[in-house]
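K.L.:
predicted model, plus sequence, below.
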Amino acid sequence: MPTTLRIALLAGLLALLSNLAVIGFIYGRTHDEAVASLHRQVVEQAKVLTDVYRSGGRPALDEAIGDTLAYADPQTAVALLDANGRQIEGNLAQAPAVQSMQEGYRSAVVRLQGQPSPHQAEIQLSRLPGGLWLISGRLVGEGLAFRATLERSLLLALVVAGLLGLLCGVILAHYVARRIGNIAAVANRISARDLSQRVPLSGAGDSFDRLGMQINAMLDRISRLMEELRLLTDTLAHDLRSPAGRLRAAAQAAAESDDPAEQEELLNSVVRNADALIRILSTVLEISRSEALTGRNQFSWFDVSELGAELAEMYDPLAEERGAALLFDRPKRPVPLFGHRQLLAQAISNLVENAIRYGSAGGRIEVRVRPGEKQIRIEVADRGPGIPLERRQEALKRFGRLDSSRSDEGAGLGLALAQAIAHLHDGELLLEDNQPGLLIVMRLPVHPPERSR
Amino acid sequence: MGRKILLVEDDRETASYLAKGLTQEGHSVEQATNGQDGLFRATDGSFDLIILDRMLPVLDGISVLRALRAANIETPVLILSALASVGDRIEGLECGSDDYLVKPFSFAELLARVNALLRRRESRVGPTDHRLTVGDLEIDPLSRTVKRAGKKLELKPREYLLLEYFARNEGRVVTRTMLLEQVWDYHFDPGTNVIDVHVSRLRRKLDEGFEKPLLHTVRGAGYMLAA
């Protein structure tokens, strides 16, 4: 609730401030307007009188000043002074000192004849030929009453605006609290261990919906990572058991054996199994690194077709030894990709090793690099037994369990690692039917979108 | 033949195991147990090789290495690390180390790499006769031609690179991982015997029809080219 209150107060304050700005502007404008019109009147009156003097001389001017005093409103101030500063004609109670006078427009304090106190006035001083001074001005007091009314209504408007702002703030705060409350409730349920909860969306597509969608996307990713982690842990525990068991058996047998030759053989087996364990652990490490998207700082541009050719050449003798031909269909042009060359080399080699291991019987293993505008497909196809459709998804996640008779530990992790490396590149790994055999496709964007690691 | 090696390793068990093994190989080993001490000792530049653990107390291995290279001390450095991912290895190599070995490793693997690094230092200083000869084998790196007993051998480009690497480490054990890293420039651990297949192909071309084999298998370690 304090947040709601704060939002309400903030909204009220903002309303008050914006209204204050508007009112200040109106007040300033009316003030400026009044000053400007005063200025116009004063200058015009001075100009008229000066013109009268120029055309008709003293008599005409005297007459004009007389007329002005007789017919003008009581705010008018006008005076004709001689060179010594004596008032010849006019309605000033006291004439200013001529010595310090300069031509021009200014503010001054003057007292008119018949008035008890001096007033603020705007005056125009003009020097006439013959050493005469003409003072023309108006008291500022004019329009004061109107301004007071204006000020009162503006103040009232301000108070009303403040209250309305507060009201709007309360409504707004309630709305925000309700929308946020929904999200918070979901977050609460998730904290209480139900990761399957999702933020309900209003369908309005506003910022709250966008926030909700972001949170949901984040939850999807967390769920996926959790699931992968769980499967990986399962696979790991399973895959580690057999070499660990064999290691233990060999070590024990070596300890009990009397024959040095047999002992050496058993100790070698201990080392082999320990190496297998280490390899599984490194692969798991690499998978978790890639799934966490670390390593993107080592991305660079390189030619995938050259990498494919290099790996095909590297594995060709091995395939031949297993009775299969490894064919690489090299594109005519380089296929640039922004990615992690070393990790992709590892991923492709895992796919090729997998094909050699399980698909050699088919006699033909093909590695292809298919360039595309935005996506590159790296394909490894064999003509072995393949994997039935319903088991492919499972194969990617826990390959190690697909065939319990398999003796190469970590072989299943090889595919999981290839998939993790594809994910690191914002790509994916697909298992398809090669009719016959298995077709593994690694689909990678040419340049993965930038995003924070 | 003995060389001065500085071993900077905080794990006492690993350190004494390595020091013992290297001493048995005829090298003299000085030890430091933290990065600062290691850096201090290394700065006199009198060592032929520095074996540097990556995770050290006080000052980590990478910082020690950077400080050394910044001070123009070009002693070869072999980094040991429990950080085993491909990214970690690349990062370690890019910091100016000459080799990167992931824990756990066999002593044979470490020794092979130590010897290769010491050898590289030696040949860098020695005369630059570009022809390589091992027994009756002759390799010309400029034209990339190989002759054995005067007869030209037809090698594929990768087979040639493999042989040249062996020849540059003549009489020393070369491990499978070293071959993968140096000849192919890959830093992962293949799950198959792909390297052995390449070596046995090379061996067929190199030794078949000759009485005395040049390319030997060293059990539990790797291979060696020697007359």
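P.N.:
All right, it came through fine.
K.L.:
quick one, strands of chain B?
P.N.:
B:4-8, B:28-32, B:49-53, B:77-81, B:99-102, B:132-134, B:137-140, B:145-148, B:151-153, B:174-175, B:215-218, B:222-225 (DSSP state E).
K.L.:
what pairs with the longest strand seen in chain A, parallel or antiparallel?
P.N.:
Criterion DSSP E: the longest strand present in chain A is strand A:119-128. Counting by DSSP bridges, the strands paired with strand A:119-128 are strand A:104-110 (antiparallel), strand A:132-139 (antiparallel).
K.L.:
could the ones you listed go into CSV alongside distance to residue A:352 and mean neighbour count?
P.N.:
(C-beta placed from N, C-alpha, C; glycine too.) Supplementary listing: the strands paired with strand A:119-128 in CSV, determined by distance: least, CB to CB, whole Å; neighbours: other CB atoms under 10 Å in any protein chain shown:
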stretch, distance to residue A:352, mean neighbour count
strand A:104-110, 95, 13
strand A:132-139, 100, 23
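K.L.:
identify each buried residue in the longest strand of chain A, please.
P.N.:
Using 16 or more other CB atoms under 10 Å in any protein chain shown as the test for burial, strand A:119-128 gives A:119, A:121, A:122, A:123, A:124, A:125, A:126, A:128.
K.L.:
please report phi then psi for the closest residue to residue A:115 other than its chain neighbours.
P.N.:
With sequence-adjacent residues excluded and distances taken as CB to CB, 6 or more residues apart in numbering or on different chains, residue A:115 is closest to residue A:93, at 7.1 Å. Torsion angles at residue A:93 (phi, psi; degrees, to the nearest 10) stand at phi -70, psi -30.
K.L.:
what do you get for the one 10 residues further on?
P.N.:
When read as degrees, to the nearest 10, the backbone of residue A:103 gives phi -60, psi 150.
K.L.:
burial of it, as a residue count?
P.N.:
For residue A:103, the tally of surrounding residues (other CB atoms under 10 Å in any protein chain shown) stands at 10.
K.L.:
assess the claim that it and residue A:125 are in contact.
P.N.:
Yes: taking CB atoms under 8 Å as the definition, residue A:103 is a contact partner of residue A:125 at 5.5 Å.
K.L.:
if we can go back for a sec, need the strands of chain B in CSV with mean neighbour count and mean pLDDT, can you?
P.N.:
Output for those, formatted as CSV (neighbours: other CB atoms under 10 Å in any protein chain shown; pLDDT from 0 to 100):
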stretch, mean neighbour count, mean pLDDT
strand B:4-8, 23, 95
strand B:28-32, 18, 94
strand B:49-53, 27, 95
strand B:77-81, 24, 94
strand B:99-102, 22, 92
strand B:132-134, 17, 90
strand B:137-140, 19, 92
strand B:145-148, 17, 93
strand B:151-153, 12, 92
strand B:174-175, 24, 94
strand B:215-218, 16, 94
strand B:222-225, 22, 94
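K.L.:
which one of those lies nearest to chain A?
P.N.:
Minimum separation from chain A across the strands of chain B (CB to the nearest CB) falls at strand B:99-102, 7.7 Å.
K.L.:
got the domain ranges for chain B?
P.N.:
Domains of chain B are assigned by automatic domain parsing as B:4-125, B:132-225.
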